[in-house]
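Trainee: based on what follows, work out the 3D shape:
(chains A and B, ligands or ions: 2)
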Amino acid sequence: MTGIKTFGNNSEGMETMIRMQNVNLVYPTGTAALKDCSLEIAKGEFVFIVGSSGSGKSTLIKTLLGELAISSGRIEVAGKNLANMKRKELPYFRRRLGVVFQEFRLLDEMNVFENVALAQRVVGVSSREKRRKNSLAMLEMVGLAKKLKAYPNELSGGEQQRVAIARAMVNRPAILLADEPTGNLDPENSWEIMKLLQDVHELGTTVLVVSHNEDIVNKMQKRVITLHKGQITSDARQGGYLQ
Amino acid sequence: MSTLWYGLKQGLKSIIQNKIFSLAAIGTITACLFLLGVFYSLFTNFQHMVYNAESTVGIIVFFDENATDAQISSIGEQIKARKEVERVDYVSAEEAWKRFQSEILEDQKELVNVFGNDNPLAHSASYEVYLKDVTKQTETVSFIQGLSGVRKVNSAQDAATGFGSFNMLIGYVSISIIVLLILVSVFLIYSAVDMGINVRKDEIAIMKLIGATDLFVRLPFIVEGIAMGIVGAAIPLVILRLMYESVVSFIMAHFSALSGWLAFVSTAKVFGVLLPLCMGIGIGIGVLGSTMSVRKHLQV
Ligand SMILES: Nc1ncnc2c1ncn2[C@@H]1O[C@H](COP(=O)(O)OP(=O)(O)OP(=O)(O)O)[C@@H](O)[C@H]1O
Ligand SMILES: [Mg+2]
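Mentor: Ligands and ions are numbered 1, 2, ... in the order given. Predicted coordinates:
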């Protein structure tokens, strides 16, 4: 993906894709889900976010998506300061991001191809031929070119997640955010998905993966950011899952 | 398994509820616009007939037998001076007799000869008064009756003014009912769209995360509202169209005696107004109801 506007370089001279400075987020219920979080993620990095249940991982992903407004601090994603972003800009901002969830969230009444092509339609790719070409290329990449006509309920969990990744990637976002993408999958399928995320990373995409899976995190030897009760307690360059 | 069952039940329930609301909305719009159509057809035909009657019947003023020419022309001046009067025509006794001969006695030529050279209408010179405003007829008639030298005033008074005030009452009642039905329709469309949004909440959330604009997400629901409005307008238009022609031809066939008075407005003319009016109101209701719903539920 080219043409992404960046806004600075980090200490190693790489372009910064995500920057959080002293971010706090308090839910209307009073729960402080993020406390004084600061981090920088460079373009093209692969980062795991780990932490126990309720530590604020999903909240972090939602703030990056512009779904939740932070209470204080500063947050910049793909060159955009989210604090002063207008409501109208939000859809266009989100088109630079791909998202994958634990529960896949495919549309049940659409088949595999339509689910992926919908993402193209949503961003306004008006040529039917173009939508078809891009969607097929992505489904090819995730290994589902043979199941275009299948409906989500006819697929295994691993297959559904691959469709979800194809949908997230079909618009070639700069960043892929995955919130526990293997949470509902057995170890074998989990590894398939991880390999796929690695492929996505190799395309030059910045990848953020929230994971509970110690085995995977330890074996992948990527950067690992640990959250504990809303605070970043560790940030390891090539780390494992800390207890 | 129980979650699946629950989901299925909820889904089906809201779809059925949604269907019922959609049908209710369409039904109410249909009723509303049907009433509007009937009212408009009656109103426009009545107006047309009154206009016809006004320009054919008018008020006829007869003079005292010993009225002088000066008196007669003074009466004419005084009538003409009134604001509501459009035109005053003088019809001499000779003219009146000639007209009578040609119009009434046309088929009975032998009757005409009975009178020979006598004019049986010798004292029937008259003014024919045409009004701009038929509702002022009573007033005008009593004014003319008060003038000296006037023997008699003939008018189609009761028909015109009586029908006029009756018409007003029907008009107010109809308009109130139509407005009420429009409000109910807007509410029902609002509810139907609301149901649709609830059923598709997940889908909407996903589309927003993918980067769908507000318009992209809202459009299907607004289209749904407009579609209900169009269907709700099309049904009464088709029914009215079928009814109008058969009612007109029924009346023409069974009340041929009145055919001179009963001048109906052509179907094309009536529907030239009704078609855009009903479609406009139907679509307006659809847009209003769905926009309100979408605005309330699809923020962010
Ligand atoms: N919508 C909400 N309103 C109020 N509090 C919330 C909301 N969502 C999450 N929280 C609270 O914020 C904290 C962080 O939640 P979050 O979902 O980010 O945790 P998490 O790290 O993703 O956990 P898990 O691993 O279980 O998914 C928790 O204490 C949670 O109860
Ligand atoms: Mg979570």
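
Trainee: looking at chain B, which helix or strand is least sure?
Mentor: Least confident helix or strand, chain B: helix B:157 with a mean of 52, by mean pLDDT, DSSP states H and E.

Trainee: need the contact list for the most centrally placed residue in chain A.
Mentor: Ranked by distance to the mean C-alpha position of chain A (CA atoms, centre = their mean), the top residue is A:L177 at 0.7 Å. By CB atoms under 8 Å, 6 or more residues apart in numbering or on different chains, the residues touching A:L177 are A:I61, A:L64, A:L65, A:L97, A:G98, A:V99, A:V100, A:L208. To be clear about C-beta, it is placed using only N, CA and C from the backbone, and glycine gets the same treatment.

Trainee: look at the first one and say how many residues are nearby.
Mentor: By other CB atoms under 10 Å in any protein chain shown, 21 other residues sit near A:I61.

Trainee: ok, then the element right after the host helix or strand of it?
Mentor: Applying DSSP states H and E as the criterion places A:I61 in helix A:57-64. Next along the chain after helix A:57-64, taking DSSP H and E as the criterion, comes strand A:72-77.

Trainee: give me the residues contacting the helix or strand immediately after that following strand in the chain.
Mentor: Downstream of strand A:72-77, the next assigned helix or strand under DSSP H and E is strand A:80-81. The list of residues contacting strand A:80-81 from outside it, by CB under 8 Å, 6+ apart, reads A:R74, A:I75, A:E89, A:F93.

Trainee: tell me the buried residues within these.
Mentor: Neighbour counting by 16 or more other CB atoms under 10 Å in any protein chain shown classes A:I75, A:F93 among those as buried.

Trainee: farthest pair in the contacts of strand A:80-81?
Mentor: Using CB to CB, the pair of these lying farthest apart is A:R74 and A:E89, separated by 17.2 Å.

Trainee: hmm, the helix holding A:I61 touching ligand 1?
Mentor: Yes. Interface with ligand 1: helix A:57-64 contributes A:K57, A:S58, A:T59 (CB under 6 Å from any ligand atom).

Trainee: what about the spatially closest residue to the first one that is not a sequence neighbour, neighbour count?
Mentor: By that I understand A:K57. Leaving aside its sequence neighbours, A:K57 sits nearest to A:V210 (CB to CB, 6 or more residues apart in numbering or on different chains; 4.5 Å). The tally of other residues near A:V210 (other CB under 10 Å) stands at 24.

Trainee: so what's A:V210 up against?
Mentor: A:V210 neighbours (CB under 8 Å, 6+ apart): A:F48, A:I49, A:V50, A:K57, A:S58, A:L60, A:I61, A:A178, A:D179, A:E180.

Trainee: write a ChimeraX command that selects only the buried members of the residues you listed.
Mentor: Applying 16+ other CB under 10 Å to these, the buried members can be selected in ChimeraX as follows:
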select /A:48,49,50,57,58,60,61,178,179,180
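
Trainee: quickly check the contacts of A:V210 for the two that are furthest apart.
Mentor: Greatest spatial distance in the contacts of A:V210: A:F48 and A:S58, 14.3 Å, computed using CB to CB.

Trainee: residue in the stretch 151-300 of chain B nearest to chain A?
Mentor: Distances between the stretch 151-300 of chain B and chain A by CB to the nearest CB are smallest at B:G211, namely 3.8 Å.

Trainee: I'd say that residue and A:G124 touch.
Mentor: No. Using CB atoms under 8 Å, B:G211 is not in contact with A:G124, being 9.4 Å away.

Trainee: ok, the two, which is more surrounded?
Mentor: B:G211 (23 against 12).

Trainee: buried set for the lengthiest helix in chain A?
Mentor: Secondary structure of chain A per DSSP state H: the longest helix is helix A:187-202. The neighbour-count check on helix A:187-202 (16+ other CB under 10 Å) flags A:N189, A:S190, A:W191, A:E192, A:I193, A:M194, A:L196, A:L197, A:V200, A:H201 as buried.

Trainee: repeat that for stretch B:277-288.
Mentor: Result for stretch B:277-288 [16+ other CB under 10 Å]: buried residues B:L277, B:C278, B:M279, B:I281, B:G282, B:I283, B:G284, B:I285, B:G286, B:V287, B:L288.

Trainee: I'd like the residues you listed as a markdown table, with distance to A:M14 and secondary structure appended.
Mentor: What follows is these, written out as a markdown table (distance: CB to CB, whole Å; DSSP: H, G, I helix; E, B strand; the rest coil):
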| residue | distance to A:M14 | secondary structure |
| --- | --- | --- |
| B:L277 | 66 | helix |
| B:C278 | 65 | helix |
| B:M279 | 61 | helix |
| B:I281 | 62 | helix |
| B:G282 | 59 | helix |
| B:I283 | 55 | helix |
| B:G284 | 57 | helix |
| B:I285 | 57 | helix |
| B:G286 | 53 | helix |
| B:V287 | 51 | helix |
| B:L288 | 53 | helix |
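
Trainee: show me what the helix holding A:I61 is packed against.
Mentor: strand A:16-26, strand A:32-42, strand A:46-50, strand A:72-77, strand A:175-179, strand A:206-210 (3 or more CB pairs under 8 Å, 6 or more residues apart in numbering or on different chains; DSSP states H and E).

Trainee: same list (those) but as CSV, adding distance to A:N153.
Mentor: Listed next are the helices and strands packed on helix A:57-64 as CSV, based on distance: least, CB to CB, whole Å:
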stretch, distance to A:N153
strand A:16-26, 35
strand A:32-42, 33
strand A:46-50, 30
strand A:72-77, 34
strand A:175-179, 22
strand A:206-210, 26
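
Trainee: export those to a markdown table and tack on distance to ligand 1?
Mentor: Shown next, in a markdown table, are the helices and strands packed on helix A:57-64 (distance: least, CB to the nearest ligand atom, whole Å):
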| stretch | distance to ligand 1 |
| --- | --- |
| strand A:16-26 | 9 |
| strand A:32-42 | 4 |
| strand A:46-50 | 9 |
| strand A:72-77 | 15 |
| strand A:175-179 | 7 |
| strand A:206-210 | 7 |
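
Trainee: how about low-confidence regions in the chain?
Mentor: Going with chain A. In the predicted model of chain A, residues A:1-13, A:242-243 satisfy pLDDT under 70.

Trainee: not what I meant, chain B
Mentor: Those would be B:1-17, B:51-58, B:100-122, B:134, B:156-167, B:256-262, B:299-300, if you go by pLDDT under 70 across chain B.
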